[in-house]
Structures are given as structure tokens and as C-alpha cells.
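Student: Let's see this in three dimensions:
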Amino acid sequence: MNNSQDIFTLALGLELPWFVNNVAFETEPNGGPKTLHIYIDFYRGSTFKYENDILKPYDTDDKTWQHLNFFQHKCFLHARVPRLLLPNGKVRMVQVPWAREGSGFTLLFEAYSMLLIESEMPVNKAANCLGVYPKRLWTIFNHWINKAVRKDDLSSICEIGIDETSSKKGHSYVTNFVDLEEHRVIDIQLGRGKDTIEKFVTNLELKGGDRKNIEQISLDMSPSFISGVMEQLPNAQLTFDKFHIVQHLNQAMDEVRKAERKGNELIKNHKYTFLRDRQKLSKDKQNELEYLIMYYPKLGDAYRLKEIFKDVYDIEDPDEAKGYLQFWCDLAKESGIQPFIKFSNMIKAHWFGICNYFDSKRTNAILESINNKIQLLKRRARGFRDPQNFINMIFFVCGKLKFEYPKY
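Tutor: Model (predicted):
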């Protein structure tokens, strides 16, 4: 063995019986740049362990793996891999230490690929940098994500948040399940219906969790989510997320604005004047707001209802907050403003889940933060055609998973 072979044996971390037999720069048939080829072999007379048996090779099979580039040159490992004849008559191939079974890449190549993606590089761009087709890189990515997801321990889960997001605008939805204590995604299901809750509970219990241990759930007021939770998680208290409630409140405000807008040019282009928090408006916008709510009394009444509703979330005492909410609902009904009456009826229909917030103080703020990360990765990738790729990317970014690939 010459010095270069010794060096590459050390660089690849090869141990007996493996060694580098030859190293060569070769010109590609199409006249492209030279590529580095490293030929690995095993010493004659070597034995290999398979389960409890120590066996000599039955025969060999030639295999090739793409390795990390050597400077600007692509690098490939070649080896004749032993096959073993088992006592039961079956033939099994030896698992080589530098690559996983069934992969055409070395473990270090795969680890570096994951590092590029972890560094927020889109998969297509990472594939271009590595000189491989994007589909092959997605295969690597999905393998390691799926392996980590399968091994994820959910035995300590007791408080969860549920939210939905789309793979790209107007396309298929996924439902995210988040551990509110660890601030991480623990499960993702295709769709946004009642069946997503059932599938989540199945996965929870497969990974050591127990549906009986789920005590708190923060979610929006989706009828399908509510129905699924009540059937599958009977011990859980539902808390309807305050951000979604305020979203419904703003919708009521906007309905009033639209109705008043007809024939009134002064209200044109003032949607966010009424929807944004007053302190976030410029001084000019605040002055315009004062004029509009004075000039249009119905708009003024609706705006005041919107603003004083938010005060309920600043009240520390749970009983006082519930009393204030009842008082506000009475005011909304007395106002005669139909969108706010409808909103008040929605509160009454979901009273216990809304009031649970005052006791638990649980919100979907964690989910909103996670959803912001999801929106960022969607924009970076310009959407995801394959829903499973989208799901696995969410796990990668937001799942705090533990990976077993070698650290590059």
C-alpha cells in the first residue's frame, strides 16, 4: 500500500478488514472534468459477523457510492462487498461502515447534504451545489427525517396545540400538532378534518404517549377539530385560541365597514385604519380614525365594541374576566349591529372553551411562531408539490428531532 492509499484509509476512517486498494483520477467518457475514484477492498481470509454468526464471504458484489467532492473533483467509492451464506440457506450482503443499506451515497455525503439544508439552503439549490438531482437529495432527506420521527418519544406529552397550514396558497392543507411545553411539532397529518385527530392519537400511542394524559388543548373553533378532540381525547380541556377569536372579532368589524362603505367615499381605503391597534397607527391615521367614527356613528359604535372586547384578556381574575365577557355580549346584542350580534352568539356557543383561557392562559402563540417559520420555508422553496416533502421539512425545521447521521 502506498502513502496516498494510507492517507485515504485514515481519512475514510476504515478499520480492519477494510483498506484502500487503489486511488485514481479518471477522465469521464464525455470528456468532462476528472473524477476521483477510491477503490476499497477487504483482506483475504477475512470473516464477517451477521447477527450471532461469524462467516466467510460466499461471493462479492461490486458497489459504488458518491462521496464528498475532493476539492473541485467529484469523488466515488468502489468496493466489492461480501455476501454471506447463512446457516438457513439465505444469502445476505455485509453492511459496509461508510454507507447505509440501499443508498448510493456515503454517510458523510448524506450528513453534509443535511447540513446544507439545515443552513436554510433550499433542497433544489443544495442539490445543484452537490451535483445531484433534487429527487435524489429529497430521498436522502426523507430517509433521515422519517427515521428520527419514528424514534421520537411522546410519552411525556400532556398539553398540545392544533393548527393548520397549506403547502402553498390554495393547495392541500396539513394539520400540525405541537407540544406546548417543549415548543415543537410532534405530529403532522394531511388534511384538516376530524380524522386528523384520530390519526394523531394513533401515532401518539405508538410512540409511548397516552391519550388519557392529554390535559389541555389549544385550538381554533373548527367544528371538525372540536368533534375529533371530544371523541378521541375525552380528558382534555379545550381552550379556544384568543388570536383566532380576535380574528373573528376583526371580521365582524370589517363587515360593518364594508356595509357603511357603500356610497361613502370617505371610508374608502380605510380597512386597516379600523383593524389595526390604535397605537400602531400613524398620527395622521389616528386623526382620520377619530373623524370617521364621529362622522359615521354606526362605525363608531362597532369600533368601540371591538376595542373594549380586547380588554377582557387583560383581566387577571378569571371570574371577573368571565363576568366582563358576559357584560360585553349583552352590549353587543343591545347595539343592534348584526355582525357583532353574530360574533356574540359564537362566543356563547363556545363559552366553556373561550373561558378556559382565563384559567389556563393557554394560547396558540407557540403555533403562530411555528407557523411563521413554516411560511418562511414555503417562500424559500416557492411552495411544495409533494405534501410529504412539505411535512418532513416542517419536522426538520420545527420538530427538534434527534438525528443519527454522522456529524460533518
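Student: Quick one: classify the closest residue to residue 390 other than its chain neighbours as helix, strand or coil.
Tutor: The shortest distance from residue 390 to any residue that is not its chain neighbour, by C-beta to C-beta, 6 or more residues apart in numbering, is 3.7 Å, and that residue is residue 384. All C-beta atoms are positioned from the backbone trio N, CA, C, and that covers glycine. Counting by DSSP: H, G, I helix; E, B strand; the rest coil, the backbone at residue 384 sits in coil.
Student: try residue 371
Tutor: When classified by three-state DSSP, residue 371 comes out as helix.
Student: Excluding chain neighbours, what is closest to it?
Tutor: residue 165 (5.8 Å).
Student: Also residue 399?
Tutor: Computed as C-beta to C-beta, 6+ apart, the closest residue to residue 399 that is not its neighbour in sequence is residue 185, at 4.8 Å.
Student: ok so, going back, so what's the residue count around the residue nearest to residue 371?
Tutor: For residue 165, the tally of surrounding residues (other C-beta atoms under 10 Å) stands at 18.
Student: From residue 240, how far out is residue 277?
Tutor: 21 Å (C-beta to C-beta, to the nearest Å).
Student: If you count surrounding residues, which of those two has more?
Tutor: Shown here are residue 277 and residue 240; by other C-beta under 10 Å, residue 240 has more neighbours (28 against 8).
Student: give the contact list for residue 394.
Tutor: Counting by C-beta atoms under 8 Å, 6 or more residues apart in numbering, residue 394 touches 174, 176, 185, 188, 374, 377.
Student: check which helix or strand covers it.
Tutor: According to DSSP states H and E, residue 394 maps onto helix 387-398.
Student: Quick check: mean pLDDT of stretch 243-259?
Tutor: For stretch 243-259, mean pLDDT is 92.
Student: Show me the contact partners of that stretch.
Tutor: For stretch 243-259, the surrounding residues in contact (C-beta under 8 Å, 6+ apart) are 220-221, 267, 270-271, 274-275, 298-299, 302-303, 306, 309-310, 337, 339-340, 342-343, 346-347, 354, 363-365, 368.
Student: hmm, 6 Å instead?
Tutor: Under the contact criterion C-beta atoms under 6 Å, 6 or more residues apart in numbering, stretch 243-259 has outside partners 220, 274, 275, 302, 306, 309, 339, 340, 343, 364.
Student: For residue 229, state which of those is nearest.
Tutor: Proximity of those to residue 229 (C-beta to C-beta) peaks at residue 220, which lies at 11.5 Å.
Student: Neighbours of the closest one, how many?
Tutor: As a burial measure, the neighbour count of residue 220 was computed by other C-beta under 10 Å and equals 19.
Student: just to revisit the earlier point, next helix or strand past the helix or strand hosting the residue nearest to residue 371?
Tutor: Applying DSSP H and E as the criterion places residue 165 in strand 159-166. Moving toward the C-terminus from strand 159-166, the next helix or strand (DSSP H and E) is strand 173-179.
Student: for the stretch 201-350 of the chain, what spans make up the helices?
Tutor: Taking DSSP state H, counting those that start in this stretch to define them, one finds helices in the stretch 201-350 of the chain at 223-232, 242-261, 271-275, 283-295, 297-309, 318-335, 338-349.
Student: Surely residue 142 is in contact with residue 392?
Tutor: Yes: using C-beta atoms under 6 Å, residue 142 is in contact with residue 392, at 5.4 Å.
Student: quick one: which of these two has more around it?
Tutor: Between residue 142 and residue 392, counted using other C-beta under 10 Å, the more crowded position is residue 392 (23 against 17).
Student: Apart from its neighbours in sequence, what residue is nearest the more buried one?
Tutor: In space, and not counting its chain neighbours, residue 392 is closest to residue 145: 4.2 Å by C-beta to C-beta, 6+ apart.
Student: which outside residues touch the least confident helix or strand in the chain by mean pLDDT?
Tutor: Of all the helices and strands that make up the chain, helix 3-11 has the lowest average by mean pLDDT, DSSP states H and E, namely a mean of 74. Applying C-beta under 6 Å, 6+ apart, the contact partners of helix 3-11 are 19, 20, 23, 38.
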